[in-house]
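Engineer: need a structure here:
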Amino acid sequence: MTGKSKKIHFIAIGGSAMHNLAIALSRKGLCVTGSDDEIFEPSKSRLDKEGILPTSIGWNVERIHKGVDAVILGMHAREDNLELLKAKTLNIPVFSYPEYLYEQSKEKKRVVIGGSHGKTTITSMLLHVTNAMGMDVDYMVGAQLEGYDCMVKITDEAEVMILEGDEYLSSPIDRRPKFHLYNPHIALISGIAWDHINVFPTFDNYVDQFNQFCQVIENDGTLIYNTEDVEVSKLGNKYANTLNTIPYQTPQYEVTPDGTLLHFDGDSYALKIFGGHNLQNLIGAMHLGESIGISNADFLSKMSSFTGAGKRLQKVSESDRFSMFKDFAHSPSKLKATTKAVKEQFVSRRVVACMELHTFSSLKKEFLPQYKDAMNAADEAVVYFSPEVVKHKKLAPITIEQVSAGFGGNVTVLTETSEVLAFIHAQNWSNAVLLMMSSGNFDGIDYDQLGEALK
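Structural biologist: Numbering: from 1, shown residues only. Prediction:
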């Protein structure tokens, strides 16, 4: 499927990734239509602004006809979706989201960033520098970035496609991890920490997905890998004889009041980001930049203006003696790295970390022990979960005691948003930092409003 196709229909157009791809293809000049049984903000307004918001909510088989060149199927749809069944009957090509991205980048150099954590940040860093240097690249990234109004860009002109490589499933009818479909020329693995246990029931099964990812790297391709991660380092060593392998690790750095002073190759670079894991991500991104023609010195110099990826240690509010950050962290490794980074940056301040158990994996009682000591760097830690969300996900109930034990017993566990807010408002926020971590929003807490009230 080339960019010359005239009519593309999205089944489940309202998803975060799907609506961004729909916008990108519409901007490329394709005729884009779509359906969904629910479309929330900001997808709804963004699709409407581009003129591709469905005129009605729900599935409509009349939207599938012989004039449709291809269908892109989102994860939100089901295998028995009426539009999907009609597309199959009419022999219209059906693509998953990653399949279509690959089809659009077959003639390009593909750079794919994989890993259980850090991949959005690394992709964002690389895009920040390519943009600052005026390089024309296509891309797909998993967060809304400052200065970008779409998470996807697809053109005929760009020679490089930068792809964030998610290990989750491709579509309801394609159970392969997304990053298995991209066949990168240059690949990076940032870290491996068991996740998505509803799909990958054992740690070994999960690790094998990254092994298979290495196997789909193009001949004479490059693997950039984090040597400080045990499982990633094993893969780097395993493929050292068949791929061009480039190891990386956390560089030397100093904490400064405004961020970080990075020391590399005899020079020092002032950065606005902070935290060892972010500096580690930066070095991985730098090697990616080098692989597409950007010198290390140029890369690190351009990073001086990078403030972070969306929802990744994003500053919400600040005064002389108070700071509040929000972060997408939800897995054990992410919680540990983010909490440690904030305490390291604000060593003389009291750090209060609040996190929400929201994902399928995090709400399974079998997975809770993976969180042991994940928030120990904080001076005080709160864990919130909603029993209603557990029920909605059709999971076995979990108790406050099970969650507390999973984290090592050194956390306050709450089950009502009102309790979380009451706890926060009861604290003394002079000379303190509040860190809110979740892939959700604590069932409706307005971070901006909260930050203004506390500073």
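Engineer: low-scoring stretches of the stretch 251-400 of the chain, by residue?
Structural biologist: Across the stretch 251-400 of the chain, nothing is flagged by pLDDT under 70.
Engineer: which residue ranges form the helices in it?
Structural biologist: Ranges of helices in the stretch 251-400 of the chain, per DSSP state H, counting those that start in this stretch, are 276-291, 296-302, 332-345, 387-392, 400-406.
Engineer: can you list the domains in this protein?
Structural biologist: 7-95, 105-305, 314-454 (automatic domain parsing).
Engineer: mind checking how far the residue nearest to residue 442 when sequence neighbours are not counted is from residue 89?
Structural biologist: On the basis of Cβ to Cβ, 6 or more residues apart in numbering, the spatially nearest residue to residue 442 that is not a chain neighbour turns out to be residue 356, at 5.1 Å. Bear in mind the C-beta positions are built from the backbone N, C-alpha and C, glycine included. According to Cβ to Cβ, to the nearest Å, residue 356 stands 43 Å off from residue 89.
Engineer: quick one: which of the two has more around it?
Structural biologist: Ranked by neighbour count (other Cβ atoms under 10 Å), residue 356 and residue 89 place residue 356 first, with 25 against 10.
Engineer: what helix or strand is the residue of the chain most remote from its centre on?
Structural biologist: Among residues of the chain, the one most distant from the C-alpha centroid is residue 66; the distance is 36.0 Å, by Cα atoms, centre = their mean. Assigned by DSSP states H and E, residue 66 belongs to neither a helix nor a strand.
Engineer: wait, it touches residue 87, no?
Structural biologist: No: taking contacts as Cβ atoms under 8 Å, residue 66 lies outside contact range of residue 87: 10.5 Å.
Engineer: how close does the residue farthest from the centre of the chain get to residue 92?
Structural biologist: In terms of Cβ to Cβ, residue 66 sits 8 Å off from residue 92.
Engineer: got it, and residue 21?
Structural biologist: Taking Cβ to Cβ as the measure, residue 21 falls 17 Å from residue 92.
Engineer: and for residue 316?
Structural biologist: Applying Cβ to Cβ, the value for residue 316 to residue 92 is 45 Å.
Engineer: same deal with residue 144?
Structural biologist: According to Cβ to Cβ, residue 144 and residue 92 sit 31 Å apart.
Engineer: and for residue 315?
Structural biologist: Separation of residue 315 from residue 92 (Cβ to Cβ) stands at 46 Å.
Engineer: neighbour-wise, which of these two wins?
Structural biologist: A side-by-side neighbour count of residue 315 and residue 92, using other Cβ under 10 Å, places residue 92 first with 19 against 13.
Engineer: helix/strand/coil for the more buried one?
Structural biologist: Using DSSP: H, G, I helix; E, B strand; the rest coil, the secondary structure recorded for residue 92 is coil.
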